[in-house]
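1. Pasting the sequence and the predicted coordinates here, then a few questions.
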Amino acid sequence: MVAVTANYYSAYSTTSSSQSSTASATSSASKSAATTSTDTSSAATSITLSDAAKAALAEKSLATVVADARAKLTKLLDEAGRKSPLQNGELALDLTSLDSREIYAAASDQTFTADEREAAKLEMQRRFEAALAGPLSIAQVTGNYTGLYNAAATFLDALGPEEKASDNWKASRAAVTEGIKQLQTNPKALPSAGEDDPVATYIKLVDLRGTLDQSMATLATNARTALDKRYAEIHDGGRIPSFKPNAPAGTYVDLSGLSSRSLSAIVLDKEGQFSTQEVAAAKSQLRTKSSAVLMAGLKSASQSNDPTAFSQNVISAFSSLSAEERQAAGWSDKLYEAAVANYSSSSKLLEMFNQLGSSSSSNNSNSGFSLAGLLG
């Protein structure tokens, strides 16, 4: 992958001292239901935090955040047997275990090395891409860009108050706000919100160099090193490693903390580094993660009045994964094609029902036709 140094969310390029602000953590992403293509909104990734989590993060001092980031990054480097989180200018570590405040601290605090700061910036950039990947795919199918800009607004709004006070954040948020305003008039025309628009820049960069992901080979090597170290710890205690959750204390090899991309690297095992048992354990964890995403999409759709919602949620989930992740999870292109076809047919049916309903009303029909009545 060719490294691209341009940052489409300009606040990520900040390299100030430890007095720099840090971003609030984003603990979970849920796929929200969309309205039909005739409305001004579409499905988008929504980043949420519980009140307890928000309170806990608010109480955390900047010094504590920096210390936590330092400790986590040091541990990750040690587990992977690396001195730098970069390799050939690309991310060489899975940094998903660091929350957004910690990542921002690592990107801006001068106590971190140049490589560590650059890796943190790349991770922040990657997270922004991940938040918009699904909504962009939906926009490409529906022709409606509102959900894409709403997703960007949600992402920016989830950042911390210190970062929100920066000129970079204000410029990006203002551009997104302008984009949403333009979409209220014409939801199917990509907004022209100026050079500070992070969404427009994101689209251009993805077209230029694809998504920003860590190398699967590097992640596989890191996972191999981490597993070997875990085995050594268990063996040193005179115990036998196990992948069973109900294994005796001190023997369980827990893979649940790995990202879906790291798990995929184990499942695909392109270099033949992993045992059958390790691949099976990673596949089980990946299946759990992917099933949870689909179930969340189904639940969200069931609470919506939009018959196209589930299709859009599947499109979003599918597009949020890399090709390798989809392969490892068993998500074939047929799933995406079926979701697109279902969206198209549901949209056409809904449009026909709405037209029939409008026609009945204009003709003062006594038939009492309505979509709600038809559906019971």
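-> That came through fine.
2. What's the separation between the spatially most central residue of the chain and residue 352?
-> Residue closest to the average C-alpha location in the chain (Cα atoms, centre = their mean): residue 130, at 3.5 Å. To residue 352, residue 130 is 36 Å away according to Cβ to Cβ, to the nearest Å. Glycine gets a C-beta too; all of them are placed from N, C-alpha and C.
3. Show me the strands in the stretch 1-150 of the chain, by range?
-> For the stretch 1-150 of the chain, the strands defined by DSSP state E, counting those that start in this stretch occupy 28-32, 44-48, 86-87, 90-91.
4. count of neighbours near residue 220?
-> 22 (other Cβ atoms under 10 Å).
5. Confirm it sits in a strand?
-> No - Residue 220 is assigned helix when assessed by DSSP: H, G, I helix; E, B strand; the rest coil, not a strand.
6. So what's the residue count around the closest residue to it other than its chain neighbours?
-> Nearest residue to residue 220 in three dimensions, chain neighbours excluded: residue 265, at 4.0 Å (Cβ to Cβ, 6 or more residues apart in numbering). When counting by other Cβ under 10 Å, one arrives at 31 neighbours for residue 265.
7. before we move on, what about residue 165?
-> 10.
8. Over to the one 5 residues further on?
-> Neighbours of residue 170 under the rule other Cβ under 10 Å: 14.
9. and the host helix or strand of it, how far from the chain's centre?
-> Using DSSP states H and E, residue 170 sits in helix 167-185. Distance of helix 167-185 from its chain centroid, counting by Cα atoms, centre = their mean, to the nearest Å, is 21 Å.
10. ditto for stretch 193-202
-> Using Cα atoms, centre = their mean, the offset of stretch 193-202 from its chain centre is 19 Å.
11. go on, stretch 145-156?
-> On Cα atoms, centre = their mean, the centre of stretch 145-156 falls 13 Å from that of its chain.
12. residues of it that come out buried?
-> 145, 146, 147, 148, 149, 150, 151, 152, 153, 154, 155, 156 (16 or more other Cβ atoms under 10 Å).
13. Extract the CA atoms of that stretch and return them as PDB.
-> Provided in PDB are the C-alpha atoms of stretch 145-156 (Å, rounded to 0.1, in the frame of the first residue of the first chain):
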ATOM      1  CA  TYR A 145     -25.300  11.600   1.000                       C
ATOM      2  CA  THR A 146     -27.100  12.800   4.100                       C
ATOM      3  CA  GLY A 147     -26.200   9.700   6.200                       C
ATOM      4  CA  LEU A 148     -22.600  10.100   5.200                       C
ATOM      5  CA  TYR A 149     -22.400  13.600   6.500                       C
ATOM      6  CA  ASN A 150     -24.400  12.700   9.600                       C
ATOM      7  CA  ALA A 151     -21.800  10.000  10.300                       C
ATOM      8  CA  ALA A 152     -19.000  12.500  10.100                       C
ATOM      9  CA  ALA A 153     -20.800  14.900  12.400                       C
ATOM     10  CA  THR A 154     -21.400  12.100  14.900                       C
ATOM     11  CA  PHE A 155     -17.700  11.200  14.800                       C
ATOM     12  CA  LEU A 156     -16.500  14.800  15.300                       C
END
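14. Could you number the chain from 20 rather than 1 from now on?
-> In the new count, where the first residue is 20, that last one comes out as stretch 164-175.
15. Counting neighbours, what do you get for the closest residue to residue 102 other than its chain neighbours?
-> Among residues not flanking residue 102 along the chain, residue 96 sits closest, at 6.8 Å (Cβ to Cβ, 6+ apart). By other Cβ under 10 Å, the residues close to residue 96 number 17.
16. cool, residue 98 as well?
-> So residue 98, with other Cβ under 10 Å, has 18 neighbours.
17. What's the per-residue pLDDT of the closest residue to it other than its chain neighbours here?
-> Nearest non-adjacent residue to residue 98, counting by Cβ to Cβ, 6+ apart: residue 245, 4.4 Å away. Residue 245 is assigned 90 on the pLDDT scale.
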